[in-house]
Each structure stands twice: as structure tokens, then as C-alpha cells.
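Enquirer: only geometry, no sequence info:
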């Protein structure tokens, strides 16, 4: 909060113009950035058949909540939501902790073999064994149809590690040196001095972890799709979406089902699914924003 | 990476999409009427008659001992609600229930990991996966078992040789399409679901002409466009061509269709000599795209039709201002349904039988009566009680059970037609079948759809197996406008505009032949498609005829540079094998 | 030597922290690489590694001798680099401008709004882009309204626009999201630096240039290097969803090529071979640029 202090300074005309222009640019940005989401909301509340006519922009033309009813009618929604929340919480907490830990070690310049260890992690960002070998690994570790498959395989994100590490390296050396001289060990130094200084970057990494874990559906598809109790929200949403695309595609026309007047359509379901699946995670960011206020870092150091 | 999911689905669909064919069936009385015609009695297991509201059903003896089978279905979908009364009833009578896993994401990925990891369900319905499962020894041979079950035997005994794989065993029980059997005949085809579509108003205004060439088709459209530059305030569009990812048939398929060989595939087979040739570079293709180019230059075809997305295409159709296009019925029916809701029946579409000069044939395939492409359920080695499952499937095939699943209860869900020769749904039940979610949750549709079932018309009393096969039900659904439209042409069903169904050869169609994964033939096939989708739009948008011809030459050269032989030889080999020469 | 051992002993806590993570990484990242053997086989899931036929370098030869592959390579590089450049620059500009906003509520709201598009799937964003660029869409109406063009431009039917359309779609969707890390980095700058600059009489832009940008430079460099390693992986959805068949020459990327000729026809080996190729290129790029950055005295990955 330190910097939010008002400076008593006369505003120059240049400042006024700058602020005005900047404010206008930001307003325009808001409009451009909100539009797709707003449009999606409008479509999600519009009658599915009417949506096919196109041209829905800011508001629903024929209001309907049928798409949402379809989404929530699913028996598995509650299970899916709980699994998604739990996996997101676990992945975020563990992901941030592990990233910070590795980053701290790699940021210690005195570490023997530091270049090798950094490279050892770095390489894994750019190599992938591929689908089938990974599947075998998961199977051999008995993670198939096991909740832990949502947490363990994605635990270490080297990208996050590097980002945190470079942030830590920017911290003044004096910070830790003093503590080390005072006899604090590496771990205490990490826990009590380095971590508090890294709040902004840890908040960023937490956001990445949370959004990543929340949006993940592919692991459910590959490793846990045959166990209903392990389903996730994104997977259920994918299921809904793909089944809405399927309608009418059968070669057969049994039951006269080729004539079905679709009460749901891919476009409508997609819109409702997007809103249902993204709103819970959207609330995370404003919560984390308080760590993005200037001065937090050094305020903590000095304080 | 996060949003890879949609692309995965699109890709998965792209593989199926180009395959979906016009599998029109037509009335016929083929198939020997062997004994066993009354299958309902062939294997009626002993057991108590239940006191339920459907008393005709006889419970299986081990109904008290519940068992659940897992089944993987290659289509995306949603399992029926647990409250589904029909499925509950069947579970009560048999003790058997299913846990469905529908496809989410990419099918090949799913099958690949399933087979590689040995982690598969009890039952699999996925034609694409059958060869892999057999190769890894995961499929159970059924050739010794099927004959032990009366109804299953009645259903498959005439086609067992066609189900038998090279190793001498049968692994699948087909569930789609009509094939020769002891109990049913083919149902009539009511509509042709494939081809050149034209708005009914155009035909009506021209006095219901019979048209058979591309020139006549575009003449009608041009005339109408001239008289009606806009329709309901929207600028009239003469001819739309949708090319959006896997939905590319409107661009690629017409030349072959104009040759009268139906939706055959990436090669055209001479029906007499069995010689294969590439229609893509034929004179018919040249003339067709030149015609489109002329129409483009006249303004009947607009360039943006080639860049539009599927949603934009459907939106255009809902406006009622599109006069014609080439498509498959299910692909645009969403848009057409909006027109119906609006009461604009004259703006809906009918397919017309266009052929290129010198070609015979048509758009509607007569069912070969032979199963194709592993289109059936397969039981895996993970299944613990195979015999009980087969007993169950056999039980489902009883006439009473089939009627219960597909029609429901007499008086409540359906009635006999006035002359008593057919069945029609009640209005309430019809409303249910027109709503995807209710159809799934309130009827036996899902169970019926993914189990061995009868197809067509029962031989013994001429009744339709399910509502989709009922002529009375089809006519009951027609609007007044449609009835007068059909009267204008003096036909009973739209399909009659196409004349008769065409008898195809036993191998038909080429797209259903399995090309080995990763083989040179598969690569060539992909290359051909790439080159076509790249060049055809350029041909259509050529500035003049000279430019068209030079692009055409370039196209033919590039097409011929593909390793066509490996594809052609593979297809020739498979056709020869199927034709038993 | 003795000295080193002593240092090592002093660092045992650090090793205690890092070694389990290294073991974990070995299991999940290095161990499954044995599956790369597939690239030299004609792998069939039903037969497994042991039963599949060895074909040597056939898969690589297929890739490298196909002119379509090199075209895809060019397209991938072009779109990725445009993306990386505009994505980074705009995200930084956005973060800088946002940082200048004084009203905290407006600032938070702008920031939140900017990252909304990230949560929409590509299919939603691309269909909006397609609507905008249609012949009766917003862009054409605008261009015709101000008289820049007489007839509508066929943006999605002309090869020369495609890379720009793809870049635009990416920027629209991800700028807000990408800027988060820069906003966090700006937060970490010591406020006394600004005060010192002000005392020197630095104006707004001078402060941005001399304090803020240097303050986040290490973040920028580190992200650029890491992202550079992924240039062959990106741009999959946009070309797939917006690239009509007639634009294949400029829209097909390596990933689409591999999907078409690999996964979609059941050729896992090809996909693996392409994966190995991409890994090699990525590692060369990353370690190369990293060494380069080191030589320039910039902060780097290691």
C-alpha cells in the first residue's frame, strides 16, 4: 500500500492529457475484451433454435434458460464439481509449494552442480514421451482410475519454476546474506525471508496452477473415464458438448429421430457450458489481485 | 494445450463425417423366408410373467442376480437417466444393466490407449477399433456361440460368412442397417438424405418440373433469383457450398454423385468391369467445376460461401433465402427445422436426382443386405459372463421386447393405423421422440440403438419394427404444404422423385473398406483430399475460363503426382476379395 | 577438493530439498522416453514395443522428404513468431498502461476484463472472428464506410491475410492473460527507484523507459527464451478452425500435418518421430538463445 500514498504535486497539462488518453484506451480495451464473454452469456440465455439464425450480439433475442437446464440436469454434476474443486485446490497448493522449493534451490548461486540441475529440469519442458508411453507409465504406477492421477503427474511445472526462480534472483542478495550470517539455515531463510518477498509471483503461479488444473479434461478422458465417481466438471462439459454435436449424425434414422427438433444445439450448449465451467474459476483472480499491489514485496522485506 | 479438446473432437468427427453416407433403404422382399420366422417364440426363456404394466414380457431366470456390463460406444452421447422407466423395467426382468461410456475427445486416442494398455470394457461398439482388438487378441470369437441362441441365430445366420474374418472367426454382431435375416424385410425409403437440394418454392413456381441435369438445376435457380432478388427482405443466395473442416462433402462429392454411383468414396468403381478410376480428375469433375465457375461469374455463387463457417451456413438457411446446395440431410436439418417452426414449409428443401450426361444410376442405395465395416458390438476378453450377456441380447430380440423398446404400450404410446396394416405414434409419444433428451430418458431408444435389434418390417405381419420404418408414421408427420407439394409431383414420398433405388455391388461402398493404419494407401488417400480441398475453390473462383483451364491442368498434374497406385491397388485388392473373384 | 566437499556438506539441506524433485522428474519425464523407440518402428498398439516391426529412420524420411512438411514448418514458424512478438509486446504495453491507471477500482476491473477471453474456447473466439470478417461483417462495413474499399474483402479466402488474422485472434484472446506476469513483475519493482527518478526530473515516459522496463527486463527475457522453445508447438487451433481448405498452403502447421498423417490414420510412430524432431529443435533454440543472452550479460534461464 505504500505507494498508493497521494503525491501532492500539481498536475501538468501533459499529465491530464495522458491520463485521459490512457483512460480511453483502457475503456476501449475493456469493451473489446469483454465482448466475446458478454456475447457468450447472451447466447447461453437465448433460445437454441433462434440462435441458429445468427446475429445475437449483446442481448438474448428469445430468452430461455433451457441450455442451463440441460447442463444442470446431469446426475453427475455434483460429483464432477467436487472433484474439480478438490483437484484444483490440491494442484494449486502443491504446485506452488513445489515450484517455490525448486526455484529457491536453483536460485542459490553457491549450489554445486547448479547449471546441471537447472538444465536437468529445463530439458523436460521440451521433451514429451508421447501419449502411449505416458499411458503405460500411469498404468504401471497404478494411477489409472485413481484420483491421484489428477494431482501427481502435473506436480512439477518447470515453466513456473523458472519464472519464480528469476523473480527470486532479482531480490537483493543482501536480504538473505544477513539472515545466513545470523545463522539461519537454508530452509528458514527460504520460509521466512524469500517466500514472503515472492508473493506477487507466487500469486501469479497460483493462478496458472489453478486455471490449468481447473480446465484440465484430457486426463479424465485418458485415465479415469471409466469411473463415474472420478469425473470432473470439464469432462462432463465436454461430454455434453460432444453429445450435442452428435445429434442427428447417426446413419440410421430409427425412431424417426432424424426429424428431431433440437431443443439444444452445439452453439447454445457451448455457450452455457463455457459460462458454467469458467465462472467458478474467474473468481480466483480478483481474490489474488491484492498481491499485485505495488510495494508488497519490499514492504515485506523492510517490515 | 488447454483448448485442444475441441480440435480433438473436430478431428474425430472429421474421420467419421466424410464417411457418413446416404444409406437409403428401399422396399424389397428379398431374403428367403426361412423357418424361425416367428422368433419371439424361438427362445422364450421360462420364467415368471411379471405383474408389471407390460405383462407380455417374460423375465429371465437369473433376473434376481444383478450384473452390470460396461460398454464403450464410439459416438459422443449421454447415458440415459437412471429414472428411465423402460430401462428400469428391462433391468428388473433380466438383472442386466449397462454402464455406458460415450466418446469424449478423439476416438483414435481412446482406442489406441485402450488396446495398448489392455484396459477395456466388457462390450465395445466401435467399428474403427475392431481390427485392433482382434489383432491384440482382446475380442471374443462368437461364431460357435451365435448358433446356440435362437433369435441371434435367426438374425445372423444368413450373413455369417460376411461376418467371418480372415482367421475364420466372427467377432461382431452388427447393429446398424438392414441385412438378410429370417424375420424382417427392408423398410421403404421415404426421403433421399443426400444430393443436390433445391428449395420447394422454386420447383412449385416452375410448375413441378422433373429435372435431371446440373444445367436444368441452375436454370431454375437463376430464373427464380431474377424474379425474387430477395426473399423476406434477405438477399437471395443461389447456391451455397459449405467447406468447414471435416464438413467438406459439398465441395468434394458432387462429381461422383453425378456419375450415379452414390456416395462411394475416394475412387469410382465401374459397376460392370470393377475397374477403378479417379473421378476427381474426370471430365465430369472438370465440367461440374467449370459450371460452378460460370455460376460464380454470373453472381449465383458468391465467393464467401467457400469461407463460411458451419454456423454461418445454418444461419443463412434459416433465413429461407438460400435456393440450393449439395449436402446430407442431417447436416442442415437444424436449419430446416427453424423454417418449419416458422411455418415456412415452402422454404424447406428436397433433393433432386441430377446426373451428368451419359451416366445412369442414382442417389438411393438399395440395401445390399450384407453387413459392412465391423458395424457391430464386440465382446472383449474382460467380460466375465459372456453367455449371460448373449442370453440377454437374445432375450431382447423377442418380438414383445422389441415392440416394448421401440413402440411402447398400445393405446398409450401408439395405435394401429386406420386400415390396421401399420402403426402410428400417439401425439404425446411423437412429441417425446422429437425431443432428444426426452427420447433418451423416457423411452427404450438407447438400449434399442446399441444392442442387436431387428431392422425394417416384420415378415409375419408386415408391422414396422420401429417408428422410423413406419410409412403411416412418416405421412402423419407431413405438413399440409408438403402434402400438396407431393401431390404436385404425384408421388407419395419425396424419395420417389428419384425413381427406384439402385442396386449396388456386394463390396459397396469404398469408404467402408478398412485401409490399414499408416499404410502408403492411407497416406495417399489423405494427400488426395488435401489437394482437392486446395484446388476446387480456386477453380470455382477463377476469373475466366482460360484461368480455369490453367488451374485445372495444374490440379491434375499435382493430383497425379500422388502415389495413386498404392491406394488404387489396395482398393482393387479388397474389392476383388469381397466380390469373391 | 576438500573445500568442495565441505561446501557440499553445507548445502545438504538444499540437496535434501531438490533430490526428491529430481527423482520425481526422472520418473515422469525421462523414464517414459524409452517410448521414443516407437519412432523407429511401425508401432501398432495391439503388438506393443516388443512385437512391432522396426523400420529404422523411415518415419523421419517420410517427414523430411515431404514438401508439405516444410511448408507446414514455414507456416508454424511464421505464425508462432508473429504471435510471440505481438503477444509479448502488446502484453507489456498493456501492463505498462494499466500500471499508470490511478483509480484502483477501474484498474482492477480493466485487468479482470482483459483476461476473460482466455477462458473462452478457441471455437467461440474463432467463430466471432469469422463473423467479424464476413463480407457483411463489422470490419468490411467499416472499411466500406470510410471508403477504403468498394467491395467487401474476402479476408478468410485470401492467403495474404491469413497469418495476420491468426495473430489477431491470438492477441485478442491472450493479451490480458499474458500480461498478468508482467503486472506481477512491475509490482516487484522497488518504489524508491521511481522516487529517485522523479528527483532527477524524469517524466512519465522516462520513468517507464528507465525504471519499469529495466525492472521487468529479466522476466521478459526469461519468458521469451522459454517461449522460443515452443515455437514449433503453438498455433494449432486457430489454423485448424479458421484455415479453410483453400488456405492450406499458408495455414497448415506441423501439428496439423502430424495429426493428419499420424494420429488420424493410426500412425503413432510418425507422431513420435515428429515429437523427437521438435524436441531437438526446441532444445537447440532454448540453449542457444540462453547462451546468447548470457554472453550479452542478460539474465537468463541458468
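Expert: Yes, it's here. Since the model is a prediction, treat every value here as computed from it, not as a measurement. Numbers count the residues shown, from 1 in each chain, chains lettered A, B, ... in the order given.

Enquirer: can we go C-alpha only for contacts and neighbour counts from here?
Expert: OK.

Enquirer: which strand or helix spans the closest residue to residue A:273 other than its chain neighbours?
Expert: The shortest distance from residue A:273 to any non-neighbouring residue, by CA to CA, 6 or more residues apart in numbering or on different chains, is to residue A:237 (5.9 Å). Applying DSSP states H and E as the criterion places residue A:237 in helix A:233-246.

Enquirer: who does that helix touch, helix- and strand-wise?
Expert: Contact here means 3 or more CA pairs under 8 Å, 6 or more residues apart in numbering or on different chains; DSSP states H and E; on that basis helix A:233-246 packs against helix A:77-107, helix A:218-223, helix A:266-282.

Enquirer: if you set the cut-off to 10 Å instead, what comes out?
Expert: Under the contact criterion of 3 or more CA pairs under 10 Å, 6 or more residues apart in numbering or on different chains; DSSP states H and E, helix A:233-246 touches helix A:66-72, helix A:77-107, helix A:199-215, helix A:218-223, helix A:266-282, helix B:4-17, strand B:96-102.

Enquirer: ok, now how distant is residue C:302 from residue A:120?
Expert: Using CA to CA, to the nearest Å, one gets 11 Å for the distance from residue C:302 to residue A:120.

Enquirer: tell me which stretches of chain C form strands.
Expert: C:41-42, C:53-54 (DSSP state E).

Enquirer: residues contacting the residue of the stretch 201-350 of chain B found nearest chain A?
Expert: The nearest approach of the stretch 201-350 of chain B to chain A comes at residue B:315, 4.2 Å away (CA to the nearest CA). Contact analysis of residue B:315 by CA atoms under 10 Å, 6 or more residues apart in numbering or on different chains lists A:50-55, B:309, B:334-335, B:338.

Enquirer: ok, and which of those residues reach chain C?
Expert: A:54-55, B:309 (CA under 10 Å from any CA of the partner chain).

Enquirer: can you pick the most crowded of these?
Expert: Counting neighbours by other CA atoms under 10 Å in any protein chain shown, residue B:309 comes out on top of these with 24 neighbours.

Enquirer: separation between that one and residue C:175?
Expert: From residue B:309 to residue C:175 the distance is 25 Å (CA to CA).

Enquirer: just give the nearest non-adjacent residue to residue B:118, would you?
Expert: Residue B:118 sits nearest to residue B:138 (CA to CA, 6+ apart), 8.0 Å away.

Enquirer: my guess is that neighbour contacts residue C:45, does it?
Expert: No. Counting by CA atoms under 10 Å, residue B:138 stays clear of residue C:45, with 12.0 Å between them.

Enquirer: shared neighbours, these two?
Expert: Both residue B:138 and residue C:45 are in contact with B:115, B:118, B:132, where contact means CA under 10 Å, 6+ apart.

Enquirer: can you tell me the centre-most residue of chain C?
Expert: Among the residues of chain C, the one closest to the centroid is residue C:227, at 5.0 Å (CA atoms, centre = their mean).

Enquirer: what's the closest non-adjacent residue to that one?
Expert: Counting by CA to CA, 6+ apart, residue C:227 lies nearest to residue C:84, which is 7.6 Å off, once chain neighbours are set aside.

Enquirer: so where's the chain shaky on pLDDT?
Expert: Just going to use chain A. A:1-11, A:245-264, A:293-303 (pLDDT under 70).

Enquirer: that answer is for a different chain, and I need it for chain C
Expert: Residues of chain C that meet the cut-off, pLDDT under 70, sit at C:1-2, C:234-235, C:263-264.

Enquirer: picking up where we left off before, quick one: which of residue B:138 and residue C:45 has more around it?
Expert: The residue with more neighbours, out of residue B:138 and residue C:45, is residue C:45; 25 against 19, by other CA under 10 Å.

Enquirer: count of residues packed around residue B:221?
Expert: Other residues near residue B:221 come to 22 when the count uses other CA under 10 Å.

Enquirer: packing partners of the longest helix seen in chain B?
Expert: If you go by DSSP state H, chain B has its longest helix at helix B:520-540. Applying 3+ CA pairs under 10 Å, 6+ apart, one finds that helix B:520-540 makes contact with helix B:249-252, helix B:283-298, helix B:545-561, helix B:564-578, helix C:248-251, helix C:254-261.

Enquirer: distance to chain A added to those, as TSV?
Expert: Shown next, in TSV, are these (distance: least, CA to the nearest CA, whole Å):
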stretch	distance to chain A
helix B:249-252	14
helix B:283-298	25
helix B:545-561	31
helix B:564-578	23
helix C:248-251	24
helix C:254-261	13
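
Enquirer: can you redo those helices as JSON lines with mean neighbour count?
Expert: Shown next, in JSON lines, are these (neighbours: other CA atoms under 10 Å in any protein chain shown):
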{"stretch": "helix B:249-252", "mean neighbour count": "20"}
{"stretch": "helix B:283-298", "mean neighbour count": "18"}
{"stretch": "helix B:545-561", "mean neighbour count": "15"}
{"stretch": "helix B:564-578", "mean neighbour count": "17"}
{"stretch": "helix C:248-251", "mean neighbour count": "22"}
{"stretch": "helix C:254-261", "mean neighbour count": "22"}
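
Enquirer: could I get those as a markdown table with distance to residue B:521?
Expert: Below are the helices and strands packed on helix B:520-540 laid out as a markdown table (distance: least, CA to CA, whole Å):
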| stretch | distance to residue B:521 |
| --- | --- |
| helix B:249-252 | 19 |
| helix B:283-298 | 23 |
| helix B:545-561 | 14 |
| helix B:564-578 | 4 |
| helix C:248-251 | 22 |
| helix C:254-261 | 11 |
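
Enquirer: returning to what we had before: and the angle for the helix holding residue A:237 with helix A:77-107?
Expert: Counting by axes from the mean of the first three to the mean of the last three CA atoms, to 10 degrees, helix A:233-246 lies at 130 degrees to helix A:77-107.

Enquirer: any idea how far helix A:233-246 is from the chain center?
Expert: Relative to its chain's centre, helix A:233-246 lies at 20 Å (CA atoms, centre = their mean, to the nearest Å).

Enquirer: just stretch B:86-94 next, same as before
Expert: Per CA atoms, centre = their mean, the centroid offset for stretch B:86-94 relative to its chain is 29 Å.

Enquirer: same check, this time on stretch C:91-102
Expert: For stretch C:91-102, the separation from the chain centroid amounts to 22 Å (computed by CA atoms, centre = their mean).

Enquirer: any buried residues in it, and which?
Expert: C:91-92, C:94-101 (16 or more other CA atoms under 10 Å in any protein chain shown).

Enquirer: checking the residue in the stretch 1-150 of chain A that chain B sits nearest to next. Helix, strand or coil?
Expert: Using CA to the nearest CA, residue A:53 is the residue of the stretch 1-150 of chain A that sits closest to chain B, at 4.2 Å. Look at residue A:53: counting by DSSP: H, G, I helix; E, B strand; the rest coil, its state is coil.

Enquirer: find the helix or strand that the nearest residue to it once chain neighbours are set aside is a member of.
Expert: In this structure, residue A:53 finds its nearest non-sequential neighbour in residue B:315, 4.2 Å apart by CA to CA, 6+ apart. In the assignment (DSSP H and E), residue B:315 maps to helix B:310-318.
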